[in-house]
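1. Dropping the sequence and predicted coords here.
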Amino acid sequence: MGRLEYAGLRVERALADFINERALPGSGIAPERFWDGLSRLVHEFGPRNRALLDKRDDLQTAIDAWHIERRGQRFNATDYQEFLREIGYLVPEGAPFSIDTANTDPEFASIAGPQLVVPITNARYALNAANARWGSLYDALYGTDAMGDLPKGKGYDAERGARVIAWGRNFLDTAAPLAKGSWADAGALSVKDGALVPALKDASKFAGHDGAADTPSDIFLRNNNLMIRIVLNASTPVGGQDKIRISDIVIESAVSAIMDCEDSVACVDGEDKALAYSNWLGLMDGTLSEEVSKGGKTFTRKLADDVEFTAPDGSRTSVKGRALMLVRNVGHLMTTPAVLDRDGNQAYEGLIDAMVTMLCAKRDLDRSSGPRNSVKGSIYVVKPKMHGPEEVAFASQIFDFVEDVLGLPRHTVKLGIMDEERRTSANLKECIRAARDRVAFINTGFLDRTGDEMHTSMEAGAILAKDEMRGQPWISAYEDRNVDIGLACGLSGKAQIGKGMWAIPDRMQAMLAQKIDHPQAGANTAWVPSPTAATLHATHYHKVDVFARQAQIAAENRPNRLNDLLTIPLAGGRNYNDSEVMHDVQNNCQGILGYVVRWIDQGIGCSKVPNIEDVGLMEDRATLRISAQSLANWLHHSIVSEQQVMDTMRQMAQVVDRQNADDPLYQPMAPGFDGVAFQAACDLVFQGRQQPSGYTEPVLHARRLQKKAEMAQSA
Ligand SMILES: CC(=O)SCCNC(=O)CCNC(=O)[C@H](O)C(C)(C)COP(=O)(O)OP(=O)(O)OC[C@H]1O[C@@H](n2cnc3c(N)ncnc32)[C@H](O)[C@@H]1OP(=O)(O)O
Ligand SMILES: O=CC(=O)O
Ligand SMILES: [Mg+2]
């Protein structure tokens, strides 16, 4: 793999070629300007990046020492908080303020709805995510367990279909009720004098129609700012059997979508980074396409167009056909071999991400025709895993710098702050202040946050099992404070207050029952793992008017629960018996191995991995961090022995091998247990305590590079 030199940087050929041949031509940015800018970014911001990471280490060392000195003593919360202030972990809180972010799109300012996340390296899925702005409610209900059971066998089951139709009518009764009676009894739909016949209880919910007014092909409704499209088509089997020709109810679903360059991908070198960036470029210039083979058919998947229809006043109008796209860059931690600085050191990956993803996104701003991602001329970058206000300020300064290099107006880039590290949660108000001109979302990434909770207090004692974390004071304080602080800082109406991932992609009935809690908690968005989940979760935003809920919550003036937030989830008196310990250890080992083996051997960064009860769980680097830190803690505090964990790893490797037996690309871990993937899984656990903030990236990247080198040698 060759390298090319630009302005003192040595860049892997695959990445350099992508930038020179695809990203720069037509961007309006001269190659010299770009490379000189990137070189200055790497050399000027690199040392500052290092210093911020050193500070993380210093704080962690001090916290570890504080707990070690007090082993066996009663925990004193007041002393603890005082200590955290002394060392600068907790910073002083400034005067009240409101954010000044301008030009956020309606998807941030006024439409509350689901946010889909997708690995950017998978073009098929990424296109699907962008197009998931609209989703079939009928398909989502029919094809999943949303109504309590799964479809049996192939072919259309009319009884199941009838239940779907009844659910759909019921949904319409809630979202856009008729003036008289139920949608279940409605007569034929038509449009007369700009109004729907039969009349709606609230006539303003009628948004338009398509086709002839007396026999429309589509009726468009709007509720809580979300669109509903009733498709009328008697020539389909479903529409043909429906007394008013409804063949589907298609609803606005993934209002926004995060194209993820971080925890759901496995990008370890220039080749991987080039793939990620090229998919992002294709999404931003609208050219991305992918051949998809499905159900015996092959077709080309492309980005959807806007949806056109006739407004009530008779004019032709349109709404977006695509989710508003954000790009998640990597955090401040990792360096990448894709770019070496003038001393031959790896550059910080976050700096490269900022420069290249913004260069690609500039295409959207420069477009003069076709659907635009941001109608407001903004670029949305999600920055994960930041620790405290200084790191947020640093991210914002990186964006200032890149805006200057790319000739973009100041604060074109809007920042999504993942509230997913403890130091950020504890200082959230100051974190928001540090990016007050560009912050466009705060989001509770509770998965990373749980991993950081475990790592930060590693020396405090044995912690609770991971499945018991949900009910703890720290996590409810974390979720509530995030909303309270977001509202106090004026995010409502300008920016998103988001909630975390539904990580059980096949459990849609449970999601329907539980995830309504997110809009009810005042979140104007929440993460979903798939387009189908987006469609089902969207129904919650028809039931809850989030902006009204936010106003109610703000008026409640809830107390600041910093004490709860800092309450360490120690196992304390919770004495786990042997079988509870082994159940938890097995579950963690299985999740770790099932995820890691695909990451290392096949470069798959997000997987559905069956847990010990055979429920498929979405696993990514954040869930891996939790499992690894949980085991590292129990090892450190002798809840379980090294031998027990190693034996369980071997046992679970065989289970994972069996689970993947149908995958022709899969390489079994047993009976040798000496492959790179198995070793990576062991490193994550047995060296888990030493990993910075308990992150999994250093081990995964090193081991994946080793695997790639092995594969290249044997090719
Ligand atoms: C803590 C955090 O950071 S969370 C953020 C990171 N997590 C994510 O990004 C989760 C993204 N989700 C995924 O990658 C996947 O849904 C997985 C891995 C969980 C499950 O994937 P699979 O087992 O392939 O899903 P499944 O077989 O049920 O469905 C596949 C279909 O759904 C689509 N799909 C599934 N997930 C997504 C998604 N996130 N975006 C778009 N389409 C998706 C696929 O395109 C495919 O449809 P197609 O055949 O028409 O292309
Ligand atoms: O990134 C999301 C998380 O939960 O972590
Ligand atoms: Mg995360």
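-> Here it is on my side, so go on. Numbering: from 1, shown residues only. Ligands and ions are numbered 1, 2, ... in the order given.
2. neighbours of the residue lying closest to residue 500 once chain neighbours are set aside, just the number please.
-> The spatially closest residue to residue 500, leaving aside those adjacent along the chain, is residue 446, at 4.4 Å (C-beta to C-beta, 6 or more residues apart in numbering). Placement of C-beta: from N, CA and C, glycine included. Residues lying near residue 446 (other C-beta atoms under 10 Å) number 24.
3. Tell me who's in contact with residue 446.
-> Neighbouring residues of residue 446 by C-beta atoms under 8 Å, 6 or more residues apart in numbering: 420, 475, 478-479, 500.
4. Equivalent analysis for residue 431, please.
-> Going by C-beta under 8 Å, 6+ apart, residue 431 touches 386, 388-389, 392, 417, 419, 424.
5. now residue 186
-> 178, 198, 244.
6. cool, and residue 511?
-> By C-beta under 8 Å, 6+ apart, the contact set of residue 511 is 502, 504, 533, 536-537.
7. before we move on, what SS does it have?
-> What DSSP: H, G, I helix; E, B strand; the rest coil gives for residue 511 is helix.
8. Tell me how far residue 138 lies from residue 552.
-> Here the distance between residue 138 and residue 552 works out to 34 Å (C-beta to C-beta, to the nearest Å).
9. Now, the contacts of residue 431 that are in helices?
-> Assigned to helices by DSSP state H, the following of the contacts of residue 431 qualify: 388-389, 392, 424.
10. Now a PyMOL select for only the buried ones of those residues.
-> To isolate the buried members of the ones in helices among the contacts of residue 431 in PyMOL, using 16 or more other C-beta atoms under 10 Å:
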select buried, resi 388+389+392+424
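11. now the ones in helices among the contacts of residue 431 in CSV, with pLDDT and distance to residue 55?
-> Below are the ones in helices among the contacts of residue 431 laid out as CSV (pLDDT from 0 to 100; distance: C-beta to C-beta, whole Å):
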residue, pLDDT, distance to residue 55
388, 98, 9
389, 98, 12
392, 99, 14
424, 98, 14
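12. and of the ones in helices among the contacts of residue 431, the nearest to ligand 2?
-> The shortest gap between ligand 2 and any of the ones in helices among the contacts of residue 431 belongs to residue 424, at 11.7 Å (C-beta to the nearest ligand atom).
13. And for the closest residue to residue 520 other than its chain neighbours, the neighbour number?
-> Spatial nearest neighbour of residue 520, chain neighbours left out: residue 544 (5.5 Å); criterion: C-beta to C-beta, 6+ apart. With neighbours defined by other C-beta under 10 Å, the count for residue 544 comes to 19.
14. quick one on the thing from earlier: cross the contacts of residue 446 against helices and list the overlap.
-> In helices, judged by DSSP H, the following of those are found: 475, 478-479.
15. Name the member of these that has the highest neighbour count.
-> residue 478 (24 neighbours).
16. closest to residue 20 among the ones in helices among the contacts of residue 446?
-> For these, the closest approach to residue 20 (C-beta to C-beta) belongs to residue 478, at 44.3 Å.
17. Now do the contacts for residue 522.
-> Neighbour list for residue 522: 483, 487, 497, 546, 549-550, 553 [criterion: C-beta under 8 Å, 6+ apart].
18. That one should be in a strand, yeah?
-> No: looking at residue 522 with three-state DSSP, it is coil, so not inside a strand.
19. From residue 105, how far out is it?
-> Applying C-beta to C-beta, the value for residue 522 to residue 105 is 20 Å.
20. coming back round to it: and the contacts of residue 186, which is closest to ligand 2?
-> So of the contacts of residue 186, ranked by how close each gets to ligand 2 (C-beta to the nearest ligand atom), first place is residue 178, at 40.7 Å.
21. Which residue ranges make up the domains of the protein?
-> Annotated domains of the chain cover 85-111+255-499+544-565, 136-252, 578-714 [automatic domain parsing].
22. Same list as before, these that is, but in CSV and with distance to ligand 2 included.
-> What follows is the domains of the chain, written out as CSV (distance: least, C-beta to the nearest ligand atom, whole Å):
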stretch, distance to ligand 2
domain 85-111+255-499+544-565, 3
domain 136-252, 23
domain 578-714, 4
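23. Select, out of those, the one closest to residue 509.
-> domain 136-252 (5.0 Å).
24. Okay, now that closest one: how far is its last residue from its first?
-> Domain 136-252 has an end-to-end distance of 9 Å (criterion: C-alpha to C-alpha, to the nearest Å).
25. immediately after the helix or strand where residue 278 lies, which helix or strand?
-> Residue 278 belongs to helix 270-285 when assigned by DSSP states H and E. Next in sequence after helix 270-285, counting helices and strands by DSSP H and E, comes strand 289-294.
26. Check the gap between the residue of the stretch 501-650 of the chain found nearest ligand 3 and residue 295 for me.
-> Nearest to ligand 3, among the residues of the stretch 501-650 of the chain, is residue 622, at 4.2 Å (C-beta to the ion). Going from residue 622 to residue 295 by C-beta to C-beta gives 33 Å.
27. Which one of those two is surrounded by more residues?
-> Here residue 622 and residue 295 are compared on neighbour count by other C-beta under 10 Å; more neighbours surround residue 622, at 28 against 5.
28. That one looks like it's in a helix, true?
-> Yes: per three-state DSSP, residue 622 lies within a helix segment.
29. quick one: pLDDT of it?
-> Residue 622 carries a pLDDT score of 98 in this model.
30. Which element is encountered next along the chain beyond the helix or strand of the chain with the lowest mean pLDDT?
-> Ranked by mean pLDDT, DSSP states H and E, the weakest helix or strand in the chain is helix 237-241, scoring a mean of 92. Using DSSP H and E, the helix or strand that follows helix 237-241 towards the C-terminus is strand 246-252.
31. what's the following helix or strand after that next one?
-> Later in the chain than strand 246-252, the nearest helix or strand by DSSP H and E is strand 256-260.
32. Neighbouring strands of that following strand in the sheet, and parallel or not?
-> If you go by DSSP bridges, strand 256-260 pairs up with strand 115-119 (parallel), strand 324-328 (parallel).
33. and the angle for it with helix 270-285?
-> 160 degrees (axes from the mean of the first three to the mean of the last three C-alpha atoms, to 10 degrees).
34. coming back round to it: can you redo the domains of the chain as JSON lines with distance to residue 49?
-> Formatted as JSON lines, these follow (distance: least, C-beta to C-beta, whole Å):
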{"stretch": "domain 85-111+255-499+544-565", "distance to residue 49": "5"}
{"stretch": "domain 136-252", "distance to residue 49": "39"}
{"stretch": "domain 578-714", "distance to residue 49": "13"}
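35. residue contacts, residue 100?
-> So residue 100 contacts 436-437 (C-beta under 8 Å, 6+ apart).
36. On the three-state scheme, it is what?
-> In three-state terms, and counting by three-state DSSP, residue 100 is coil.
37. And it, how far from residue 19?
-> To residue 19, residue 100 is 33 Å away according to C-beta to C-beta.
38. hang on, the earlier thing: check contacts around the residue lying closest to the residue of the stretch 501-650 of the chain closest to ligand 3 once chain neighbours are set aside.
-> Among residues not flanking residue 622 along the chain, residue 447 sits closest, at 3.8 Å (C-beta to C-beta, 6+ apart). For residue 447, the contacting residues are 420, 500-501, 503, 620, 622-623, 625-626, by C-beta under 8 Å, 6+ apart.
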